[in-house]
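Colleague: Predicted structure and sequence below. I'll ask about it afterward.
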Amino acid sequence: MGPYLQSTAPGKPYMIAELPAHERPRERLIEKGAEALSDAELLAILLRTGARGRSVLDIARDLLAAFHHDLEALARASVPELCKVRGIGTAKAVEVCAAFALARRMAGGVPEDRARISAPEDVADFMREALRGRPQEEFHVLYLDTKNGVLGADCVTVGLLDRSQVHPREVFRNAVQKSCSRIVLVHNHPSGDPTPSPEDVACTRELVKAGHVVGIEVIDHVVLGRRTATRPQDFVSFKSMGLL
């Protein structure tokens with residue numbers, strides 16, 4: 001039968017190849033673009049083949065269901081966690097992890113037309129995809145020129161944010177090398193609640209003081225979380241909150 005076995009429900013095709021061309025994920029992407037495809041269809045294209053007598057679309061749907069149809073949770077999943085889903089072996093799990101890793105790297109890159117930061121929303125937009133789904137807190141620094149154009153961004157540390165882990169020398173070393181005049185601090189809260197902790201506030205104040213010494217202004221610290229029904233904004237700004 002081949003690897004594309006579909007369900008055996010009466011009247012349904014056994015193989016994806018038997019579906020009309022306009023219903024096949026690859027053909028639909030070519031014809032209508034990726035935006036027209038469901039999450040399951042996009043995953044099916046990544047996974048490529050079915051397994052154990054099941055279609056690749058069935059496996060893609062099961063993979064989404066295993067993570068409660070939450071793409072952020074899927075993006076955080078490790079290879080062993082993905083392999084717990086029936087039909088997902090090591091090779092398929094690695095391909096899924098690699099796809100999400102590439103998406104994060106692309107989102108964290110600086111475009112040729114330099115991004116400009118004029119408000120906390122710009123910081124959140126610039127860093128959101130790079131930090132989406134990260135399982136631990138990551139502390140990043142955005143380096144800005146005199147017109148608030150982004151010169152670059154670095155991840156300084158991974159783990160709980162406190163003064164013992166985020167050292168001023170790590171934060172300002174590249175800023176000095178890039179001759180930037182100002183920086184923005186950014187980190188994520190994997191819990192989804194972006195409310196700053198006392199440790200966040202204490203660490204930020206130490207870095208602001210260090211910036212005064214080296215002549216580099218910390219213009220904001222943005223914490224990213226997740227939107228909910230009761231929290232329409234997925235980030236907070238220290239500057240907007242009067243914490244700088």
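Modeller: Received the coordinates, thanks.
Colleague: contacts, neighbours, all on C-alpha from now
Modeller: OK.
Colleague: Which element, helix or strand, includes Leu29?
Modeller: Taking DSSP states H and E as the criterion, Leu29 maps to helix 25-32.
Colleague: Pull out the buried residues from that helix.
Modeller: Pro25, Arg26, Arg28, Leu29 (16 or more other Cα atoms under 10 Å).
Colleague: Same list, those, but as CSV with distance to Ser197 and pLDDT please.
Modeller: Compiled in CSV, these are given as follows (distance: Cα to Cα, whole Å; pLDDT from 0 to 100):
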residue, distance to Ser197, pLDDT
Pro25, 45, 86
Arg26, 46, 86
Arg28, 46, 86
Leu29, 44, 88
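Colleague: Take those and lay them out in JSON lines including distance to Asp70.
Modeller: Formatted as JSON lines, those follow (distance: Cα to Cα, whole Å):
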{"residue": "Pro25", "distance to Asp70": "20"}
{"residue": "Arg26", "distance to Asp70": "23"}
{"residue": "Arg28", "distance to Asp70": "23"}
{"residue": "Leu29", "distance to Asp70": "22"}
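Colleague: helices or strands up against whichever helix in the chain runs longest?
Modeller: For the chain, the helix reaching the highest residue count under DSSP state H is reported as helix 90-108. Packing partners of helix 90-108 (3 or more Cα pairs under 8 Å, 6 or more residues apart in numbering; DSSP states H and E): helix 39-47, helix 79-82, helix 120-131.
Colleague: From the chain's centroid, how far away is the second one?
Modeller: Right, the one you point to is helix 79-82. Its chain's C-alpha centre and that of helix 79-82 lie 18 Å apart, by Cα atoms, centre = their mean, to the nearest Å.
Colleague: quick one: average pLDDT of it?
Modeller: For helix 79-82, the mean pLDDT works out to 94.
Colleague: tell me which strands and helices that helix is in contact with?
Modeller: Helix 79-82 packs on helix 90-108, going by 3+ Cα pairs under 8 Å, 6+ apart.
Colleague: list the contacts for the residue nearest the centre of the chain?
Modeller: Nearest to the geometric centre of the chain sits Arg132, at 2.8 Å (Cα atoms, centre = their mean). Arg132 makes contacts with Glu72, Arg104, as judged by Cα atoms under 8 Å, 6 or more residues apart in numbering.
Colleague: mind redoing it with 7 Å?
Modeller: Glu72 (Cα atoms under 7 Å, 6 or more residues apart in numbering).
Colleague: Ok, Thr90 next?
Modeller: Val79, Cys83.
Colleague: how close does it sit to Leu63?
Modeller: 14 Å (Cα to Cα, to the nearest Å).
Colleague: so where is this protein shaky, pLDDT-wise?
Modeller: 1-23, 106-114, 160-165 (pLDDT under 70).
Colleague: Tell me how it divides into domains.
Modeller: Using automatic domain parsing, the domain ranges for the chain come out as 16-106, 110-237.
Colleague: Compile those domains into TSV and extend it with columns for distance to Leu244.
Modeller: Converted to TSV, the domains of the chain look like this (distance: least, Cα to Cα, whole Å):
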stretch	distance to Leu244
domain 16-106	29
domain 110-237	7
